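coords please:
(one chain, ligands or ions: 1)
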Amino acid sequence: MKRFLIAGASSGIGYALADALLQQQHEVLSLSRTTPDLPVAQHISYDVKDSNEPPAIDGVLDGLVYCPGSINLKPFKSLKQTDFQNDLDISLHGAIKIIQRYLPNLQQSPQASIVLFSTVAVQTGMPYHTSVAAAKGAVEGFARALAAELAPKIRVNVIAPSLVKTPLAARLTDNDTKIQAAADRHPLKRIGEANDIAAMASFLLSDNTSWMTGQVLHIDGGMSSLKL
Ligand SMILES: NC(=O)c1ccc[n+]([C@@H]2O[C@H](COP(=O)([O-])OP(=O)(O)OC[C@H]3O[C@@H](n4cnc5c(N)ncnc54)[C@H](OP(=O)(O)O)[C@@H]3O)[C@@H](O)[C@H]2O)c1
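Below you'll find the model as predicted:
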């Protein structure tokens, strides 16, 4: 049994991951604004945009997964500085704050794993994605540098999904026509489910990936690498 902290276990990918880890008998702690309806060992009620530090926790952490993110898709000319700042705050600065706060707990593990989230739109340029791509591109650079600095005791990897059916993506997936159109754009002809991504996050937390760090995993139905 291992002990993991999931920032964002109340919804979407983080929820699916927490559920899977609990079924594997791991201990799961959660951090978010709302409490997940899952039997987590401890919930930390915290907004990652808060200027105060999150509370300290006791004991070892074998892994930390940071899920908060945004999908703010607009033409570049319509995006305001505050949009860029907001996306950076939630995806990058929140992750930095949470990792710095709980690093002493991760350092108590013989080998800990950190998992962060990017997007397919960093590898592949897409219209209306400048703000989210800037924020998630920063996450990818941050993660590689952090992986170098924390090796060999702590591994750091990133998952870059394409469209996944979660509350975050509700505006893009709220009817069958939108879902079918999005599915057709993917080489594997469907959009992602939270479990597709949670399965990779669970793998990255496990000892099966103990020789893997500094990687960006493209779990995207083939979107970033195939052209049919
Ligand atoms: N879904 C997609 O299509 C897609 C595509 C590419 C990348 N991604 C990335 O994948 C990651 C997970 O996305 P998802 O679709 O699972 O999102 P989601 O369903 O919106 O879940 C996000 C989780 O993060 C928490 N969270 C959000 N803002 C927070 C804040 N200010 N403070 C504390 N916790 C906060 C939420 O909890 P509370 O609301 O309770 O605080 C929730 O548990 C994100 O980084 C996203 O950018 C998603």
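
CA only for contacts and neighbour counts going forward, please
Noted.

so what's the residue count around the closest residue to Asp220 other than its chain neighbours?
With Cα to Cα, 6 or more residues apart in numbering as the criterion, Asp220 has its nearest non-adjacent residue at 4.5 Å, and that residue is Ser162. Using other Cα atoms under 10 Å, Ser162 has 22 neighbouring residues.

ok, Ser162 to Thr119 distance?
Using Cα to Cα, to the nearest Å, one obtains 6 Å as the distance from Ser162 to Thr119.

hang on, the earlier thing: show me the contacts for the residue nearest to Asp220.
The contact partners of Ser162, taken as Cα atoms under 8 Å, 6 or more residues apart in numbering, are 119-121, 191-192, 219-221, 223.

give me the pLDDT for it.
Per-residue pLDDT puts Ser162 at 98.

do Ala41 as well
pLDDT at Ala41 comes out at 98.

isn't it up against Val28?
Yes. Assessed by Cα atoms under 8 Å, Ala41 is found in contact with Val28 at 5.8 Å.

so between the two, which is more surrounded?
Legend: neighbour count by other Cα under 10 Å for Ala41 and Val28, higher for Val28 (25 against 14).

shaky segments in this protein?
Along the chain, the model assigns pLDDT under 70 to no residue.

get me the contact residues on this structure for the ligand.
8-14, 32-34, 46-49, 67-70, 117-119, 161-169 (Cα under 6 Å from any ligand atom).

mind checking which of those are in strands?
Residues of the residues of the chain next to the ligand located in strands (DSSP state E): 32, 117, 161, 164-165.

so of those, which two are at opposite extremes in space?
Ser32 and Pro161 (21.0 Å; Cα to Cα).

the longest helix anywhere in the chain - contacts with which helices or strands?
Assignment by DSSP state H gives helix 130-150 as the longest helix of the chain. Counting contacts by 3 or more Cα pairs under 8 Å, 6 or more residues apart in numbering; DSSP states H and E, helix 130-150 packs against helix 81-88, strand 112-117, helix 120-123, strand 154-161.

check contacts around Ile98.
Contacts of Ile98 (Cα under 8 Å, 6+ apart): 48, 54.

from the chain's centre, how far out does the strand or helix carrying it sit?
According to DSSP states H and E, Ile98 maps onto helix 94-106. Relative to the mean C-alpha coordinate of its chain, helix 94-106 is positioned 14 Å out (Cα atoms, centre = their mean, to the nearest Å).

can you check stretch 72-86 too?
Per Cα atoms, centre = their mean, the centroid offset for stretch 72-86 relative to its chain is 21 Å.

now do the end-to-end distance for that stretch.
For stretch 72-86, the first-to-last residue distance is 10 Å (Cα to Cα).

and what of stretch 24-36?
18 Å.

so for Arg35, what's the nearest residue that isn't a sequence neighbour?
Slight slip there: residue 35 is Thr, not Arg. Nearest one to Thr35, counting by Cα to Cα, 6+ apart, is Ser10 at 6.1 Å.

would you agree the one you found is in contact with Pro39?
No. Using Cα under 8 Å, Ser10 makes no contact with Pro39, being 11.4 Å away.

how far does stretch 76-85 stretch from start to finish?
Termini of stretch 76-85 sit 14 Å apart (Cα to Cα).

all good on my end, thank you.
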